[in-house]
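A.B. asks: Structure for this input, please:
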Amino acid sequence: MKKSLLVLFVFLMTVTAHAQFRLFNSPPLSTNNGLSAVTFNLKANSSLFIDTFFVPLYGTVGSTTTVDIWYKTTPNNGAPPNAAAPAWTQIASVSNVSILASSSSAVTQFAPVVIPGGFLMNAGDHFAFGLGRTGANGNIAYTNLVAGAQDTFTDGNLTIYTGANIGYGGTWPAFTIASRQFTGGLSYRMAAGLDLRPSALISPIPPVAGSNTFTFRFQNAASDPVTSGDLGLMVDNNPPVFLNGYTFTGLGNPGGVENVTFPTPFTLNAGSPVMVKVWGKNANGLGPDSNPNNDTLTLNLTVPGVVISIASGNWSSPSTWNVGRAPNVLDTVIVSTGHTVTSDLANQTCAKLTVDGIFTFGATPADFRIMSDLQVNAGGLVNVFQGTTGKILRIGGNVTNNGRINNSIGTTAVGTINLFGSSMQTVSGSGLFGGTVSSATTTNDAGVINILVIENTAPGWPNIDWQIPGTIRFKGGLN
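C.D. replies: Numbers count the residues shown, from 1 in each chain. Just a heads-up that it's a prediction; the model follows:
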């Protein structure tokens with residue numbers, strides 16, 4: 001089914017002197033469901049910048065959340081992988097986005113999620129996009145679609161594709177529920193004139209403790225050739241580094257890119273937040289270009305570190321940790337002996353987790369994600385539940401259990417250990433699974449796994465190397 005939509009709104013940007021266009025697929029689509037992630041495809045028939053996505057968020061009206069925008073350079077044609085590098089590239093993570101609706105049914109107000117500097121699509125680009133609610137509040141509404149159908153919405157410059165084999169919903173960062181349609185819109189402007197911009201950090205990703213030399217990608221973001229520019233880099237409060245009059249050789253065509261390395265190294269500390277600013281101005285020596293709003297790229301980075309608990313407390317509480325901040329997806333985390341650390345918010349994650357004390361769940365989060373290895377040492381305990389409610393522990397690497405991992409509590413829908421790695425995962429150790437009640441009756445929970453879900457995508461066989469001896473008993477299921 002193809003629908004040609006009129007451009008709904010046009011206005012002149014005072015600063016950039018570029019006409020701004022909007023394309024929506026609602027109406028005719030209206031929301032009737034939702035979770036924290038949705039995908040769709042976009043195809044540009046002309047070179048243009050996407051400046052804003054209009055997202056149907058629902059939850060506590062008046063509260064705010066964070067929305068992540070990711071893309072991959074091939075359109076969806078079947079279930080996409082989780083939103084993570086290298087398959088996907090993050091465009092932006094936008095905080096303080098307003099929630100405007102109380103439920104997923106028939107959302108009529110759409111929250112603007114602004115992309116700093118805009119996102120360039122050249123004529124002919126056909127990309128997949130993923131939106132994820134990564135803050136603690138709300139969800140993204142979308143539309144259920146009868147399997148096998150697709151919808152196309154276009155204004156001639158840009159086309160939104162949704163539906164079967166394209167649109168997937170799910171719990172961020174996974175896109176697992178089909179068929180779902182993004183229900184919202186976007187605003188864009190045509191790429192024209194002379195425009196130099198820094199578009200991405202190339203290396204180091206992530207930055208490391210110690211010396212770092214930064215390389216950035218610069219882009220011809222309009223139609224006229226760019227031959228030179230004044231470039232600069234500032235890392236935290238260090239003196240800026242200038243490359244004035246830098247000569248480009250790869251920016252002759254619209255969309256052309258060239259990587260530039262700033263030769264001055266910067267020393268960074270493990271576990272520390274870092275603010276990086278890079279800019280490109282005075283294209284071809286002609287002063288301000290046609291879009292000065294995208295001359296500067298600002299990145300808030302974190303140097304991965306070892307984050308160690310110094311007290312019992314919530315995962316999100318800075319006072320729980322030696323670095324004075326909550327751990328993030330890049331950190332190796334240690335829960336120390338004698339401490340109980342509670343996952344208290346949705347979408348909490350880390351790179352690796354070692355448990356010498358107790359790791360447990362609060363009421364709010366449904367799951368916790370470990371991108372790589374979990375190690376439970378002797379005396380350590382991981383409780384995959386809160387009260388009588390089971391939770392989901394997602395693990396992307398190896399599991400070494402010399403303590404106890406207890407997911408015996410919960411119904412057949414929750415109380416889950418999920419192995420989602422992309423290479424073979426090993427489960428080993430001398431520890432126990434389940435609770436402490438040994439009985440010949442239904443009260444037994446010792447040596448019991450409620451649900452084990454294997455979503456490992458390794459191409460070889462086996463995907464899972466289970467090295468723990470003895471009988472494995474499943475209460476809820478092996479999926």
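A.B. asks: Output the below-cut-off pLDDT ranges for this protein.
C.D. replies: 1-18, 146-148, 411-413, 437-444 (pLDDT under 70).
A.B. asks: what about the helices in it?
C.D. replies: Remark: no helices are assigned in the chain by DSSP state H.
A.B. asks: Surely residue 349 is in contact with residue 328?
C.D. replies: Yes: counting by Cβ atoms under 8 Å, residue 328 is a contact partner of residue 349 at 7.4 Å. For every residue, glycine as well, the C-beta is placed using N, CA and C.
A.B. asks: More neighbours: these two, which one.
C.D. replies: A side-by-side neighbour count of residue 349 and residue 328, using other Cβ atoms under 10 Å, places residue 349 first with 22 against 18.
A.B. asks: what bridges to the more buried one?
C.D. replies: Applying DSSP bridges to residue 349 gives these bridge partners: residue 369.
A.B. asks: Could I get the contacting residues of it?
C.D. replies: 328, 329, 368, 369, 370, 371 (Cβ atoms under 8 Å, 6 or more residues apart in numbering).
A.B. asks: Repeat that for residue 302.
C.D. replies: Residue 302 touches 206, 271, 272, 273, 274, 328, 330, 331, counting by Cβ under 8 Å, 6+ apart.
A.B. asks: tally of neighbours for the second one?
C.D. replies: Neighbourhood size, residue 271 [other Cβ under 10 Å]: 23.
A.B. asks: got the contact list for stretch 310-323?
C.D. replies: 271-272, 305, 307-309, 324-327, 336, 338-345, 348, 357, 362.
A.B. asks: Next, the distance between the ends of that stretch.
C.D. replies: Stretch 310-323 has an end-to-end distance of 10 Å (criterion: Cα to Cα, to the nearest Å).
A.B. asks: can you pull the buried residues of that stretch?
C.D. replies: 312, 313, 314, 315, 316, 320, 321, 323 (16 or more other Cβ atoms under 10 Å).
A.B. asks: go on, stretch 203-214?
C.D. replies: Buried residues in stretch 203-214 (16+ other Cβ under 10 Å): 206, 207, 212, 214.
A.B. asks: Could you tell me how far the residue nearest to the last one when sequence neighbours are not counted is located from residue 311?
C.D. replies: Read it as residue 214. Of all residues not flanking residue 214 in the chain, residue 262 sits nearest, at 5.3 Å (Cβ to Cβ, 6 or more residues apart in numbering). In this view, residue 262 and residue 311 are 40 Å apart by Cβ to Cβ, to the nearest Å.
A.B. asks: Give me the number of neighbouring residues for the closest residue to residue 347 other than its chain neighbours.
C.D. replies: Distances taken as Cβ to Cβ, 6+ apart put residue 134 closest to residue 347, at 5.2 Å, once the chain neighbours are dropped. Residue 134 sits with 20 neighbouring residues when counted by other Cβ under 10 Å.
A.B. asks: where does residue 134 fall, phi/psi-wise?
C.D. replies: phi -110, psi -10 (degrees, to the nearest 10).
A.B. asks: mind listing what it touches?
C.D. replies: 36, 65, 66, 67, 68, 93, 172, 347.
A.B. asks: Please tell me I have it right and the last one contacts residue 172.
C.D. replies: Yes: using Cβ under 8 Å, residue 347 is in contact with residue 172, at 6.5 Å.
A.B. asks: So residue 25 sits against residue 167, correct?
C.D. replies: No: applying Cβ under 8 Å, one finds residue 25 not in contact with residue 167, separated by 10.7 Å.
A.B. asks: who's in contact with stretch 366-380?
C.D. replies: Contacts for stretch 366-380 (Cβ under 8 Å, 6+ apart): 171, 329, 335, 337, 343, 346-359, 361, 382, 391-405, 414, 418, 429, 431.
A.B. asks: And it, what's buried?
C.D. replies: So for stretch 366-380, counting by 16+ other Cβ under 10 Å, buried means 367, 368, 369, 370, 371, 373, 374, 375, 376, 377, 380.
A.B. asks: How about stretch 321-340?
C.D. replies: 321, 323, 325-336, 339-340.
A.B. asks: can you check stretch 389-409 too?
C.D. replies: For stretch 389-409, using 16+ other Cβ under 10 Å, the buried residues are 390-401, 403-409.
A.B. asks: Mark which of those are part of strands, please.
C.D. replies: 390, 392, 393, 394, 395, 399, 400, 401, 404, 405, 406 (DSSP state E).
A.B. asks: For those, work out which two are farthest apart.
C.D. replies: By the measure Cβ to Cβ, 390 and 400 form the most distant pair in these, at 22.7 Å.
A.B. asks: What segments of the stretch 51-200 of the chain are strands?
C.D. replies: 57-58, 64-72, 89-98, 111-121, 126-133, 139-144, 150-154, 158-163, 169-170, 180-182, 185-190, 196-203 (DSSP state E, counting those that start in this stretch).
A.B. asks: Residue 423: which of those strands is closest?
C.D. replies: Using Cβ to Cβ, the nearest of the strands of the stretch 51-200 of the chain to residue 423 is strand 64-72, at 20.4 Å.
A.B. asks: That closest one vs strand 89-98, what angle?
C.D. replies: 160 degrees (axes from the mean of the first three to the mean of the last three Cα atoms, to 10 degrees).
A.B. asks: what's strand 64-72 in contact with?
C.D. replies: Counting by Cβ under 8 Å, 6+ apart, 53, 55, 57, 59, 80, 83, 87-99, 111, 113, 115, 119, 127-138, 140, 172 sit against strand 64-72.
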